[in-house]
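Undergrad: next one to model:
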Amino acid sequence: MTYFRAPTSFLPPLSILSTHTTASIQDALQDLKDLYFATALPPKRTLSINAVPALKQDISDTVHVPRPKRTGRLNHSDGVPDSGYASEDDEAELEGDLESDAEDLDPDVLRSNELERNFSIKWLTGLIKRSDIWTHVLDIAPEEDHIRLVVIEEASKLLARFSSDDKQQEDALTRQFIFPFGAGGEPIMIELNDAPLTATDHTSVGLQSWASAIIFAERICTNPAQYMSIPQGVSPLRVLELGAGTGLLSITTARLLDRMGVDATIMATDYHSAVLDNLLQNVKTNNVSVQIESLDWSKPPPLEPYDVILGADVVYHPEHAKWIKNCVEKALKKGGVFWLIIAMRSSGRHEGLWETVDNAFPDGGCGFPRNEGCGGEMKLAVLQKEDVGRREGIGRADEVRYRLFEIRWLPCCYCC
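TA: Below is the predicted model of the structure:
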């Protein structure tokens, strides 16, 4: 027979995520789909032992004790379920004794239960945020590792389908970033809404703040003179961001330059409408002066020259680096700089894409050969690049490190 159970009774505890099998997480995701998004009556399914939490969970207590053997009913513990995305407010909200039938629960009643829906969203969010400790386990086969990455992608899509409750999603995924400013100055604070990936357009990755942008934003705040190339004249500093996403780099730069008293024009660009809407909301939330425009890298219009161009994790297809180079050639002043940071992914469909940047932009560390008849013209080239290690608590499981490129106009010349 078909089982409809309360999510608080069947979602595996995230406090021991690394011990859960692939099948148990897949079963949990399927149970959520059957409960909240089934278009027809789901097929008959039997209870999976792996999908049932076997341990008592308490956010404030790392000691787990076995549940008593279940009979006809499930008695929830007084402890707060570890959603993986809980706060002190969540403890007060989720505390209490919950009783639910192990089977034959009315799915309409379950769907209308705000606590159960809220718990499901928090569990999915926690699963995605903690995915690195589950997807890369030393004693599993490489094939299993890939399957788990696909499961996490499915969890992301499922989370997006809960987006009908806009207020709930916005509260759950609002993030605050605090970056050190210079040598001991007051920190730069940014608040962003990381919206769920849209269910209709999974290429809109800009709805999330990725680790590469977080790492580079911190660097800019710590040493703004190194990355901003602040002009000495009276003209405002012109900054362009490609693939701005949530706007973390543009908004951080705007707040930073305002703090420094630097006159600046900052343009944040992206392509997807959902991303641009979320970007506009983030600019308003932070009350900064950032202009927003849509930009198609494959068909860029004439662009005004900029002193600084920023890009974080913008290479998701082998053609992207070529398109980006075309945009930068149209938009970067001859004395300007293009800062590009990308994640170096070890598996999945984005594995090795950082190499496409090397192919698009030649290495100009000690110059590069002049082609016959080029006349010593200026070309975009990588002046230097640096590999940056992972940070605890941020980044996807497949991101092993990050590569930061400094790209400038350099003259053709014979290298040493």
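Undergrad: checking my notes, Gln30 in a strand, right?
TA: No. Counting by DSSP: H, G, I helix; E, B strand; the rest coil, Gln30 is not part of a strand but helix.
Undergrad: against Ala211, how distant is it?
TA: Separation of Gln30 from Ala211 (C-beta to C-beta, to the nearest Å): 29 Å. For every residue, glycine as well, the C-beta is placed using N, CA and C.
Undergrad: so these two - more neighbours on which side?
TA: Ala211 (21 against 16; other C-beta atoms under 10 Å).
Undergrad: looking at this structure, which helix or strand is least sure?
TA: strand 73-75 (a mean of 30; mean pLDDT, DSSP states H and E).
Undergrad: biggest helix in the protein by residues?
TA: helix 142-161 (DSSP state H).
Undergrad: list the contacts of the residue lying closest to Tyr36 once chain neighbours are set aside.
TA: Of all residues not flanking Tyr36 in the chain, Arg111 sits nearest, at 6.1 Å (C-beta to C-beta, 6 or more residues apart in numbering). The neighbours of Arg111, taking C-beta atoms under 8 Å, 6 or more residues apart in numbering as the test, are 35-36, 117.
Undergrad: check which helix or strand covers Arg111.
TA: Using DSSP states H and E, Arg111 sits within helix 107-112.
Undergrad: show the average pLDDT along that helix.
TA: For helix 107-112, mean pLDDT rounds to 76.
Undergrad: quick one: the strands in the chain?
TA: 73-75, 99-101, 174-181, 185-193, 237-242, 264-270, 291-294, 306-312, 332-345, 378-389, 399-411 (DSSP state E).
Undergrad: mind listing what's buried in stretch 8-22?
TA: Residues of stretch 8-22 classed as buried: 8-15, 17, 20, 22 (neighbour count, 16 or more other C-beta atoms under 10 Å).
Undergrad: in helices, which of those fall?
TA: 8-10, 22.
Undergrad: give the contact list for the nearest residue to Arg345 once chain neighbours are set aside.
TA: Sequence neighbours aside, Asp398 is the residue nearest to Arg345 in space, at 4.6 Å (criterion: C-beta to C-beta, 6+ apart). Neighbour list for Asp398: 135, 149, 345-348, 350-351 [criterion: C-beta under 8 Å, 6+ apart].
Undergrad: pLDDT wise, what is Asp398 at?
TA: At Asp398, pLDDT is 76.
Undergrad: shaky segments in the stretch 151-300 of the chain?
TA: The stretch 151-300 of the chain contains residues with pLDDT under 70 at 163-173, 195-207, 231, 233-234.
Undergrad: can you do 90?
TA: 153, 156-175, 182-185, 193-211, 225, 229-235, 272-275, 298 (pLDDT under 90).
Undergrad: swap in the stretch 1-150 of the chain?
TA: Looking at the stretch 1-150 of the chain by pLDDT under 90, you get 1-6, 8-10, 15, 17-18, 33-119, 125-126, 128-150.
Undergrad: on that earlier part again, name only those of the contacts of Asp398 that count as buried.
TA: 135, 149, 345, 347, 350.
Undergrad: tell me the contacts of the third one?
TA: Contacts for Arg345 (C-beta under 8 Å, 6+ apart) come out as 351-353, 396, 398-400.
Undergrad: the first one too?
TA: The contact partners of Thr135, taken as C-beta under 8 Å, 6+ apart, are 145, 148-149, 152, 397-398.
Undergrad: reformat the residues you listed as a markdown table; add distance to Leu404.
TA: Putting the contacts of Thr135 into a markdown table (distance: C-beta to C-beta, whole Å) gives the following:
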| residue | distance to Leu404 |
| --- | --- |
| Asp145 | 27 |
| Arg148 | 29 |
| Leu149 | 25 |
| Ile152 | 26 |
| Ala397 | 21 |
| Asp398 | 19 |
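Undergrad: what is the nearest of those residues to Val315?
TA: Asp398 (14.2 Å; C-beta to C-beta).
Undergrad: separation between the closest one and His317?
TA: Following C-beta to C-beta, the distance that separates Asp398 from His317 is 16 Å.
Undergrad: contacting residues around the residue nearest to Ser298 when sequence neighbours are not counted?
TA: Excluding its sequence neighbours, the residue lying closest to Ser298 (C-beta to C-beta, 6+ apart) is Trp323, at 5.3 Å. With contacts defined as C-beta under 8 Å, 6+ apart, Trp323 is in contact with 297-298, 300.
Undergrad: using CSV, write out every CA atom in stretch 221-232.
TA: Provided in CSV are the C-alpha atoms of stretch 221-232 (Å, rounded to 0.1, in the frame of the first residue of the first chain):
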residue,chain,number,x,y,z
CYS,A,221,37.6,44.5,0.8
THR,A,222,40.9,43.5,2.5
ASN,A,223,43.0,45.1,-0.2
PRO,A,224,40.9,47.5,-2.4
ALA,A,225,43.8,49.3,-3.9
GLN,A,226,45.2,46.1,-5.4
TYR,A,227,42.0,45.1,-7.2
MET,A,228,40.2,48.4,-8.0
SER,A,229,42.9,50.3,-9.9
ILE,A,230,41.5,53.6,-8.6
PRO,A,231,42.3,56.4,-11.1
GLN,A,232,44.1,59.5,-10.0
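Undergrad: so which residues make contact with it?
TA: 179-182, 187-188, 219-220, 237, 239, 252-253, 256-257, 260, 262, 307-308, 335-337, 339.
Undergrad: quick one: buried residues of that stretch?
TA: 221-222, 224, 227-229, 231.
Undergrad: which one of these is nearest to Asn286?
TA: Cys221 (14.1 Å).
Undergrad: can you pull the contacts of Leu340?
TA: Taking C-beta under 8 Å, 6+ apart, one finds 311-312, 314, 324, 357, 404-405, 407 in contact with Leu340.
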